[in-house]
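Q: I need the structure of the sequence given here:
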Amino acid sequence: MNKIEFARFAELDYTGDEALNTLCTNLTFAGDGVRKIMMTSCHASEGKSFITMNMMRTFARLGKRVVLVDADLRRSMLLTRYGGRVPKGVQFGLAHYLAGMCSAEDVLYETSVPGAYMVPVGREVNNSLSLLTTRKLSQLLDWLSTKFDFVLVDAPPVGMIIDAAEIAKSCDGVLFVITYNTISRREMQEAKLQIERTGCKILGAVLNNVSFDTYTSKKYYYKSYYNTHYESDYYQRTPSKSGSKSGARSSAPAKKTR
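A: Purely as a prediction, here's the structure:
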């Protein structure tokens, strides 16, 4: 099996570790029928991929077998952002599998995080919806769920393109990543409704970029931890020339979305 080596992971302080431990522990109580979990957001730059990657690390640290599926077929940034390196030669990914160019075994990679695996995107495509509407995505996620305790699916923002709603049809539950004090109630309701139409269960939301000093009275938490960035020109081909760092403060445990 091929292996992906990650060179960059942000160091989390006590607040980050505890928030992610709480989030992942809560998900273990969601039931045996919730194993394929899609992560999405309303907009870009909400820290969705950062949280998904660190959920992968946290689940692995808790002794769970976990696989992360990079399903952002239009513009994936995971390998680039975290310094992911794959062996030289022809490498397959999700796009190749959905196009019928390889088998499921060909797109499963062991990572440098013990107990964590990944299905990279392989290559970016413009006609992502035509690939996602086939039965192959559902078949892949079902196969992975027989081999792993959790399958984390990093999907595009639901408020930008329809891909996330299509991916949700093949998942057991959805977690929203919401940036504190930037997303309106109406935007959240519209995103929630779009997912509900797919029939996929909404597990809750992760509140990101929030200081615990202002959000909760639990003073034993430290102040901040996330260092996230998401390209603002999400579907433009020209890379952003802006800085790559933005401050994000914290993540709340999964909560029920009303």
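Q: residue ranges with poor pLDDT in the stretch 1-150 of the chain?
A: Applying pLDDT under 70 to the stretch 1-150 of the chain picks out residues 83-84, 87-90.
Q: all strands of it, in order?
A: Using DSSP state E, counting those that start in this stretch, the strands of the stretch 1-150 of the chain run over residues 3-4, 36-41, 66-70, 109-111, 116-119, 150-154.
Q: what pairs with the spatially most central residue of the chain across the strands?
A: With distances taken as CA atoms, centre = their mean, Asp154 lies nearest the centre of the chain, 3.1 Å away. Counting by DSSP bridges, Asp154 forms beta bridges with Met39, Asp70.
Q: residue contacts, the residue lying closest to Tyr117 once chain neighbours are set aside?
A: Distances taken as CB to CB, 6 or more residues apart in numbering place Val67 nearest to Tyr117, at 4.2 Å, with adjacent residues excluded. C-beta: built from backbone N, CA, C; applies to glycine. Counting by CB atoms under 8 Å, 6 or more residues apart in numbering, Val67 touches Leu108, Ala116, Tyr117, Met118, Val119, Leu144, Lys147, Phe148, Phe150, Val151, Leu152.
Q: okay, the residues you listed in JSON lines with neighbour count and distance to Leu73 next?
A: What follows is these, written out as JSON lines (neighbours: other CB atoms under 10 Å; distance: CB to CB, whole Å):
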{"residue": "Leu108", "neighbour count": "22", "distance to Leu73": "17"}
{"residue": "Ala116", "neighbour count": "25", "distance to Leu73": "21"}
{"residue": "Tyr117", "neighbour count": "23", "distance to Leu73": "19"}
{"residue": "Met118", "neighbour count": "27", "distance to Leu73": "15"}
{"residue": "Val119", "neighbour count": "25", "distance to Leu73": "12"}
{"residue": "Leu144", "neighbour count": "21", "distance to Leu73": "17"}
{"residue": "Lys147", "neighbour count": "12", "distance to Leu73": "22"}
{"residue": "Phe148", "neighbour count": "21", "distance to Leu73": "21"}
{"residue": "Phe150", "neighbour count": "24", "distance to Leu73": "21"}
{"residue": "Val151", "neighbour count": "27", "distance to Leu73": "17"}
{"residue": "Leu152", "neighbour count": "26", "distance to Leu73": "16"}
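Q: ok, of these, which one's closest to Leu12?
A: Ala116 (15.7 Å; CB to CB).
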